[in-house]
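Peer 1: My questions are about this predicted structure, shown below with the sequence.
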Protein chains: 2
Amino acid sequence: MPKKNPQNSKPVITIAEVAKAAGVSIPTVSRILNNKEYVAEETRDRVNQAIQQLGYVPHIQARQLRGAASRTLALHHPIESPHDLSSVIETSYFTGTAEAASEKEYFINFLVSQLTPEALVNMYRSNQIDGIILLQVRIDDWRVNLLRENNYPFVMIGRCADLESLSFIDLDFEKAMLLAFDHLVELGHRSIGFLTYPESWNKAGIGPAVRSLDGYKQALNKHDLSGCYREIGLTSVEEGFEATNDLLQENPDLTAIITVSHLTAAGSIKALVQHGRSVPQDCSVMTIGFGGNFANVVTPSLTTLEWSPYEISYQAALLMTDRLANEQLPAQQILVPPKLIVRESTKEVN
Amino acid sequence: MPKKNPQNSKPVITIAEVAKAAGVSIPTVSRILNNKEYVAEETRDRVNQAIQQLGYVPHIQARQLRGAASRTLALHHPIESPHDLSSVIETSYFTGTAEAASEKEYFINFLVSQLTPEALVNMYRSNQIDGIILLQVRIDDWRVNLLRENNYPFVMIGRCADLESLSFIDLDFEKAMLLAFDHLVELGHRSIGFLTYPESWNKAGIGPAVRSLDGYKQALNKHDLSGCYREIGLTSVEEGFEATNDLLQENPDLTAIITVSHLTAAGSIKALVQHGRSVPQDCSVMTIGFGGNFANVVTPSLTTLEWSPYEISYQAALLMTDRLANEQLPAQQILVPPKLIVRESTKEVN
DNA sequence: CTGAAAGCGCTTACAG
DNA sequence: CTGAAAGCGCTTACAG
């Protein structure tokens, strides 16, 4: 008599029933299920037929109890309020990792709650996850320190300071700044403003914030320019507007502005237009960030240096599954440069 | 000698070791772990101390083997290509469900691969999930039919045709259309165009597409107006641009346009401006859809009727966990009206 | 090539 | 209030 699953009162078929139906022992069925060697062709057929007929499905948890991997990955973004997450994270970060995981037959859990160090360790210890992908990695990140110390497998999207034998994939923000300046300087611009990440991000050691500013300074140096920048919120058109007014007051002959978000770029354009400067005729604007359709929503459409969060996160998940498939694999460290897409918002200086 | 975890060569503490350390039997530790009655205060303290000292963490899979729930939910969007998912789904759908799940101590798996009926059933049968949240539900949806037939717990974001004893939360698109017309008619508009979902969505029986068009017709009826609409892609500024040109040609004295995406609204505005009509002076534009900062990116900022995908998906996950906590719970059916936010793009007719 | 036996870590009746 | 025993569904040596 098959036992009942309490949740739905459907009978649950076990390996024992398959074995009985096929007239073989349980280990034989197990071998066939796991594609082990040494099974008679004829036996295999008989068992597979029984599996089909009974609609047998292996019980994942029981399998894992024998020490097997959980075949589950986690993706973690350390945000205080999950409600705000949507404004700082791209959907494609989810879909890219999920797709890669699915291809490699892993499940993926998205961790949203505030994760304590204890909870993180527990996820590994209680065999809930085999590995984790870390988002928004800080220069000095407790998660990295903890996982490294415990020797638990993980991969970063982003990177910390000490990268010794750690795997990561990161956006190359320094390269991005250099490319942005190359583009603008080539168009004749010499007075270039920068609207970057909030000061709080920089202070917290969040990679893009720190490295954007570094890259900005390197670029100024390379082209022998003096700079002016503001550290502002990413998700507010209004802040882009005000910061641009501010920049214009400090430096009225600005001919180009670089932003790190489409939203602040939109604010920037509004401010410029209000100052009687049309874009791109009187001032160029360009944005460094994730691709998507929004570059075309703004008028004029935005010239961008962009990355695909889908590709990045897809790669990250692959880094993780590769490492899990082969413990000996040396650390992989990948820096991805952005792609320049020239649209309407940048132009030769008058 | 604690056994080694093959993955990371850290010792794994089991309930047996806790029992030994505390000088009690295994069932006693188990009772304390699960807050069962009848445990001596003194014993409990001793065991808890041992748990602390050893850093013991229960092995989830072993626990589940005894028939316990997996405490895992899945979220499923039936898209062919995961790569495109980011353009049709809001990040907040992930974070809202994930947050609610986390509060209720559930894990959540995002299913991205093309899910076969067999795979879906297997997830329940092999005890991988306790329930699923369905996105992008069609009027006639194989997932709904299958799950209903098998009596597996699920919740829809959206809804199908036969809702008998099914739980769902859905955006009230008919109400949205009515509210949009109420707003515009009140401003004196009588000639109102509509840029709606692609024809393919309507033919496929995808709820928002079907019900938007229904609502549009109801609204025309209510206000005794004649309509003109186009079915176009959601994610392309260009298509909004062209469809608006098209609409203007058919009906030159259009004074308002309703769209279902910020992107097409942006295209619409571009087209209007190109026709020498400024927004909102010569023509109003408004959008029905998810909230976010993008209404402000467009110039002029968009008047919207908006829903919060975070709230919706949070509620959906709660519907699911409530049902799981209490099998007897009657089906919950929730229809959410959008909120009108008047910005700059709508204005009284001249 | 196949099966009997042990055991993964835990919980649940059943005795005491 | 506590423990000995059985068992969840599966896999893995170990014999044959």
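Peer 2: It's in.
Peer 1: ranges for the helices of the stretch 251-350 of chain A?
Peer 2: A:262-274, A:309-325 (DSSP state H, counting those that start in this stretch).
Peer 1: same check, this time on chain A
Peer 2: Secondary structure of chain A (DSSP state H): helices at A:15-22, A:26-33, A:41-54, A:60-65, A:82-88, A:91-103, A:117-125, A:142-150, A:173-186, A:199-203, A:207-223, A:237-250, A:262-274, A:309-325.
Peer 1: can you tell which of the helices of the stretch 251-350 of chain A is closest to residue A:165?
Peer 2: Checking those against residue A:165 by Cβ to Cβ gives helix A:309-325 as the closest, at 11.2 Å. Every residue, glycine included, has its C-beta placed from N, CA and C.
Peer 1: Tell me the gap between that closest one and the middle of its chain.
Peer 2: Here helix A:309-325 shows a centroid-to-chain-centroid distance of 10 Å under the convention Cα atoms, centre = their mean, to the nearest Å.
Peer 1: ok, now stretch A:255-273?
Peer 2: 25 Å.
Peer 1: Over to stretch A:167-175?
Peer 2: The answer for stretch A:167-175 is 11 Å, by Cα atoms, centre = their mean.
Peer 1: How about it and chain B, touching?
Peer 2: No. In terms of Cβ under 8 Å from any Cβ of the partner chain, no part of stretch A:167-175 sits within range of chain B; the closest distance is 15.1 Å.
Peer 1: Quote the end-to-end distance of that stretch.
Peer 2: This stretch, stretch A:167-175, spans 20 Å end to end (Cα to Cα, to the nearest Å).
Peer 1: Name the residues that touch it?
Peer 2: A:137, A:154-159, A:207-208, A:211-212, A:214-215, A:218, A:288, A:307, A:312, A:315-316, A:319-320, A:323, A:331-338 (Cβ atoms under 8 Å, 6 or more residues apart in numbering or on different chains).
Peer 1: Ignoring the adjacent residues along the chain, who's closest to residue A:98?
Peer 2: Spatial nearest neighbour of residue A:98, excluding adjacent residues (Cβ to Cβ, 6 or more residues apart in numbering or on different chains): residue B:112 at 3.8 Å.
Peer 1: Kindly report the same for residue A:251.
Peer 2: residue A:228 (5.0 Å).
Peer 1: Neighbours of that neighbour, how many?
Peer 2: Residues lying near residue A:228 (other Cβ atoms under 10 Å in any protein chain shown) number 16.
Peer 1: looking at it, it is touching residue A:250, isn't it?
Peer 2: Yes. The pair residue A:228 / residue A:250 is scored as a contact, 5.6 Å apart, by Cβ atoms under 8 Å.
Peer 1: So for residue A:79, what's the pLDDT?
Peer 2: pLDDT for residue A:79: 78.
Peer 1: Span of stretch A:169-177 from start to end?
Peer 2: With Cα to Cα as the measure, the first residue of stretch A:169-177 is 18 Å from its last.
Peer 1: Now do that stretch, average pLDDT.
Peer 2: 97.
Peer 1: Worst mean pLDDT among the helices of chain A?
Peer 2: helix A:82-88 - the lowest mean pLDDT of the helices of chain A, at a mean of 67.
Peer 1: And the strand ranked longest in chain A, what does it pack against?
Peer 2: Assignment by DSSP state E gives strand A:284-290 as the longest strand of chain A. When contacts are defined as 3 or more Cβ pairs under 8 Å, 6 or more residues apart in numbering or on different chains; DSSP states H and E, strand A:284-290 packs onto helix A:173-186, strand A:256-259, helix A:262-274, strand A:303-307.
Peer 1: Give me the angle between the last one and helix A:262-274.
Peer 2: It stands for strand A:303-307. 170 degrees (axes from the mean of the first three to the mean of the last three Cα atoms, to 10 degrees).
Peer 1: now strand A:303-307 and strand A:284-290, what's the angle there?
Peer 2: 10 degrees.
Peer 1: does chain B sit close to strand A:303-307?
Peer 2: No. Strand A:303-307 stays out of contact with chain B when judged by Cβ under 8 Å from any Cβ, the minimum separation being 13.2 Å.
Peer 1: And residue A:118, how far from residue B:281?
Peer 2: For residue A:118, the distance to residue B:281 equals 60 Å [Cβ to Cβ, to the nearest Å].
Peer 1: In PyMOL, select just the buried ones from the contacts of stretch A:167-175.
Peer 2: Per 16 or more other Cβ atoms under 10 Å in any protein chain shown, the buried members of the contacts of stretch A:167-175 correspond to this PyMOL selection:
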select buried, chain A and resi 137+154+155+156+157+158+159+207+208+211+212+215+218+288+307+312+315+316+319+320+323+332+336+338
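Peer 1: got the residues of the stretch 151-300 of chain A near chain B?
Peer 2: Residues of the stretch 151-300 of chain A lying near chain B (Cβ under 8 Å from any Cβ): A:151-153, A:235-238, A:262-263, A:266, A:269-270, A:292-294, A:296-299.
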